[in-house]
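In: the following block contains a protein sequence and its predicted model.
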Protein chains: 2
Amino acid sequence: MNKKELSLEDIMGMEQRYRAAFINSLGGFKSVALIGTRNAEGQTNLAIFNSLFHLGANPPLFGFVVRPDSVERHTLANILATGQYTVNHIRPDFYRQAHQTSARYAGSTSEFEAVGLTAQYKAGWQAPFVAESEVQIAAELVRRVDIAENGAIILIGKIQFVSIPTQCLQPDGYIDLECAGTVACSGLDSYHTTARLARLTYAKPDTEPSDISMTYGG
Amino acid sequence: MNKKELSLEDIMGMEQRYRAAFINSLGGFKSVALIGTRNAEGQTNLAIFNSLFHLGANPPLFGFVVRPDSVERHTLANILATGQYTVNHIRPDFYRQAHQTSARYAGSTSEFEAVGLTAQYKAGWQAPFVAESEVQIAAELVRRVDIAENGAIILIGKIQFVSIPTQCLQPDGYIDLECAGTVACSGLDSYHTTARLARLTYAKPDTEPSDISMTYGG
């Protein structure tokens, strides 16, 4: 394919929203999930995030990025106040409602009601889960990392509880997210389903990786 | 679907590799890319990473996670020594070679040669690009963040140069990664192509989002 090459100067010369769309696309396909929180008065909040990343399995840690000046500020405030949040995967039948949570609703409005998703409480957790999600995670704030370069904040959380579809769990611990109907995103606003090319065996220098077969019916 | 619910205690009781597969799956679909580096003696290195995340567009920043005790240690050492790296998207025709870069090759072995990918130099950059990649990024190390909880390191980079297929760039700055053939991953070892559900317009409280149409031929 013919290529377009751009320098940092070209990028910094872009119109602001154009640059946001461009740079957000560059990282490749991303996870996208709904983060549920509640403030000290019990008011629920739900917001969509596409910056989740794995940090470690022992203990189970992940991070995500918030911007204090964005519509995500209620999520940030609630997590800092309560230490609790939930992460809920998005399915094709409600990705439009999930996207709609990014609208700038007033603090007194619950995005659950505004977009038509259902708050669910369980596992002794104060923060609300999304009942429509097939993969639900409860997390506790471990640490915030402030990024001096642009004011972004990385919130690091420890997984406390997980609910997944039994039939999607493979014998080696892998969760088949296509089985669960989880969608991916790209850029700021594009939502995607996926099709597996293969799972590949652990790579070793002297052998080519082979396919791992999938097993269902758990 | 029937659900399996697990507590933190259940997760910590898992066998180590089972837990790694399980927790790596939970974050949803992820970006996956090859990071190219070179050491002070000019020896090239290429490694696959699935923890890239967007940090900001102004300036253009992203992060990714390395474990100092893993096979990624050459990448870490080279970036800390030279400050330079490249990020290269993976296509279906070479995802198996990309996966194979995660094998524990000796420091004197270039993964480019070992797996059969082509090092490319341009834009005055010392770190090698992957010639087979349709989306290539040059980045400069801005900062490292050490995660005390598990010894992981977040490397934050600033984008210095980008090469993308001209025809995939949309009028608003969004890069159509399906057009570019970029693959996604899940867990530790599963690779996926994608199919777009829709791009959705910027969400506002009083209106439902509508689809953004795609334009090609640039």
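Out: Everything's here; your move.
In: flag every buried residue along stretch A:204-214.
Out: By neighbour count with 16 or more other Cβ atoms under 10 Å in any protein chain shown, stretch A:204-214 contains the buried residues A:209, A:212, A:214. Quick note: C-beta positions are derived from backbone N, CA and C, even for glycine.
In: among those residues, which are within reach of chain B?
Out: Among the buried residues of stretch A:204-214, the residues within reach of chain B (Cβ under 8 Å from any Cβ of the partner chain) are A:209, A:212.
In: same for the worst-scoring helix or strand of chain A on mean pLDDT, what does it pack against?
Out: Of the helices and strands making up chain A, the lowest-confidence element is helix A:73-82, at a mean of 94, by mean pLDDT, DSSP states H and E. Counting by 3 or more Cβ pairs under 8 Å, 6 or more residues apart in numbering or on different chains; DSSP states H and E, the packing neighbours recorded for helix A:73-82 are strand A:33-38, strand A:44-49, strand A:60-66, strand A:84-89, strand A:136-146, strand A:153-165.
In: in that helix, which residues are buried?
Out: A:73-79, A:82.
In: any weak-confidence spans in chain A?
Out: A:71-72, A:217-218 (pLDDT under 70).
In: repeat that with 50
Out: Low-confidence segments of chain A, defined by pLDDT under 50: none present.
In: and of the buried residues of stretch A:204-214, the nearest to chain B?
Out: residue A:209 (5.5 Å; Cβ to the nearest Cβ).
In: quick one: residues contacting the closest one.
Out: With contact set as Cβ atoms under 8 Å, 6 or more residues apart in numbering or on different chains, residue A:209 has these partners: A:200-203, B:96, B:99-100.
In: that older thread, closest to residue B:33 out of the helices and strands packed on helix A:73-82?
Out: Taking Cβ to Cβ as the criterion, strand A:60-66 is the member of those that comes nearest to residue B:33, at 17.8 Å.
In: quick one: strands adjacent to that closest one?
Out: Strand pairing for strand A:60-66, determined by DSSP bridges: strand A:53-57 (antiparallel), strand A:153-165 (antiparallel).
In: just the residues contacting the first one, thanks.
Out: For strand A:53-57, the surrounding residues in contact (Cβ under 8 Å, 6+ apart) are A:31, A:61-64, A:156, B:16, B:19-20, B:22-24, B:27, B:30, B:50-53, B:63-65, B:67, B:147, B:149-150, B:152.
In: any quick ChimeraX command for the buried ones out of those residues?
Out: Those of these that count as buried under 16+ other Cβ under 10 Å are selected in ChimeraX with:
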select /A:31,61,62,63,64,156 /B:19,20,22,23,24,27,30,50,51,52,53,63,64,65,67,147,152
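In: in a strand, residue A:21, correct?
Out: No: under the criterion used here (DSSP: H, G, I helix; E, B strand; the rest coil), residue A:21 is helix, not part of a strand.
In: in terms of contact, does it touch residue B:171 like I think?
Out: No: look at residue A:21 against residue B:171 with Cβ atoms under 8 Å: they stay out of range, at 9.9 Å.
In: comparing these two, which shows the higher neighbour count?
Out: Remark: of residue A:21 and residue B:171, residue A:21 carries more neighbours, 24 against 11, as counted by other Cβ atoms under 10 Å in any protein chain shown.
In: how far away is the more buried one from residue A:103?
Out: 18 Å (Cβ to Cβ, to the nearest Å).
In: do the same with residue A:158
Out: From residue A:158 to residue A:103 the distance is 30 Å (Cβ to Cβ).
In: what do you get for residue A:31?
Out: Applying Cβ to Cβ to residue A:31 and residue A:103 gives a distance of 21 Å.
In: just give the nearest non-adjacent residue to residue A:59, would you?
Out: Leaving aside its chain neighbours, residue A:59 sits nearest to residue A:158 (5.7 Å; criterion: Cβ to Cβ, 6 or more residues apart in numbering or on different chains).
In: who does that neighbour bridge with?
Out: residue A:61, residue A:140.
In: from what I can see it touches residue A:83, true?
Out: No: using Cβ under 8 Å, residue A:158 and residue A:83 do not qualify as a contacting pair, with a distance of 10.2 Å.
In: same drill for the two, tell me which one is more crowded.
Out: Counting neighbours by other Cβ under 10 Å for residue A:158 and for residue A:83 shows that residue A:158 has the greater number, 18 against 14.
In: list the contacts for that one?
Out: A:59-61, A:139-140, A:142, B:8, B:149.
In: from these, pick the one nearest residue A:92.
Out: Distances from residue A:92 to the contacts of residue A:158, taken by Cβ to Cβ, are shortest for residue A:139, at 24.4 Å.
In: sorry, back to before: I'd like the contacts of residue A:158 laid out as JSON lines, including distance to residue B:111.
Out: Below are the contacts of residue A:158 laid out as JSON lines (distance: Cβ to Cβ, whole Å):
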{"residue": "A:59", "distance to residue B:111": "30"}
{"residue": "A:60", "distance to residue B:111": "29"}
{"residue": "A:61", "distance to residue B:111": "28"}
{"residue": "A:139", "distance to residue B:111": "35"}
{"residue": "A:140", "distance to residue B:111": "38"}
{"residue": "A:142", "distance to residue B:111": "33"}
{"residue": "B:8", "distance to residue B:111": "36"}
{"residue": "B:149", "distance to residue B:111": "30"}
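In: quick one on the thing from earlier: okay, and the common contacts of residue A:158 and residue A:83?
Out: residue A:140.
In: against residue A:182, how distant is the closest residue to residue A:179 other than its chain neighbours?
Out: Leaving aside its chain neighbours, residue A:179 sits nearest to residue A:168 (3.7 Å; criterion: Cβ to Cβ, 6+ apart). The gap separating residue A:168 from residue A:182 is 9 Å, by Cβ to Cβ.
In: again with residue A:174
Out: Taking Cβ to Cβ, one finds residue A:174 at 13 Å from residue A:182.
In: neighbour count for these two, which is higher?
Out: residue A:182 (27 against 23).
In: you'd agree that one is up against residue A:164?
Out: No: in this structure, residue A:182 is not within contact of residue A:164 by Cβ under 8 Å, at 10.3 Å.
In: what touches both of those two?
Out: Residues touching both residue A:182 and residue A:164 by Cβ under 8 Å, 6+ apart: A:134-135.
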